[in-house]
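K.L.:
What would the 3D arrangement of this be:
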Amino acid sequence: MAVEAQLLQADGTIEFDATAALNTGDVINVMGKAGIVIGAGAAVANGDRATARIDGIWKIKKNESLALVAGTAYDWDDTNKEVVADAAGDFALGIATEAAAAADTHGNIELNGQGPTP
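P.N.:
Just a heads-up that it's a prediction; the model follows:
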């Protein structure tokens with residue numbers, strides 16, 4: 001009997017070849033998903049193999065004029081390096097897990113979170 005599926009990785013990470021210099025904690029679009037570069041605190045050179053988390057709840061820098069609403073989807077602005085309103089950034093980031101005031105510098109985002117399904 002042939003195996004239909006085999007688990008290769010269950011820890012919510014993706015390995016990739018960096019297409020630019022990166023640092024641990026950078027927010028990136030990796031293989032169509034929002035990711036956070038992880039590692040031992042060292043920089044990743046262009047072309048190096050690296051790892052990104054694609055799950056979890058992260059405290060992420062946000063636009064200081066943007067209030068976050070829990071359960072609402074947000075994007076990542078790769079130019080200004082901050083959370084922005086849905087469809088206003090370069091790629092989908094995830095959903096806010098709690099409210100954040102406009103004056104707050106960071107918000108809590110579930111990476112690639114989809115929110116409740118109707």
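
K.L.:
Ends of stretch 12-27, what's the gap?
P.N.:
Separation of the first and last residues of stretch 12-27 by C-alpha to C-alpha, to the nearest Å is 15 Å.

K.L.:
Mind listing what's buried along it?
P.N.:
Going by neighbour count (16 or more other C-beta atoms under 10 Å), the buried part of stretch 12-27 is 13, 16, 18, 22, 26-27. Quick note: C-beta positions are derived from backbone N, CA and C, even for glycine.

K.L.:
Redo those as CSV? Include pLDDT.
P.N.:
Compiled in CSV, the buried residues of stretch 12-27 are given as follows (pLDDT from 0 to 100):
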residue, pLDDT
13, 91
16, 94
18, 94
22, 94
26, 95
27, 97
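
K.L.:
What about these, which are in strands?
P.N.:
Secondary structure from DSSP state E places 13, 16, 27 of the buried residues of stretch 12-27 in strands.

K.L.:
Throw these into a markdown table and include distance to residue 96, thanks.
P.N.:
Supplementary listing: these in a markdown table, determined by distance: C-beta to C-beta, whole Å:
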| residue | distance to residue 96 |
| --- | --- |
| 13 | 23 |
| 16 | 26 |
| 27 | 15 |
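
K.L.:
from those residues, which is closest to residue 90?
P.N.:
Set against residue 90, the nearest of these by C-beta to C-beta is residue 27 (9.9 Å).

K.L.:
Wait, that closest one touches residue 52, no?
P.N.:
No - contact criterion C-beta atoms under 8 Å: residue 27 and residue 52 do not qualify, at 9.2 Å.

K.L.:
shared neighbours, the two?
P.N.:
When contacts are counted by C-beta atoms under 8 Å, 6 or more residues apart in numbering, residue 27 and residue 52 are jointly contacted by 35-36.

K.L.:
how about the nearest residue to residue 21, chain neighbours excluded?
P.N.:
Nearest residue to residue 21, sequence neighbours excluded (C-beta to C-beta, 6 or more residues apart in numbering): residue 46, at 5.4 Å.

K.L.:
let me fix that: residue 61
P.N.:
Per C-beta to C-beta, 6+ apart, closest to residue 61 is residue 82, 5.1 Å.
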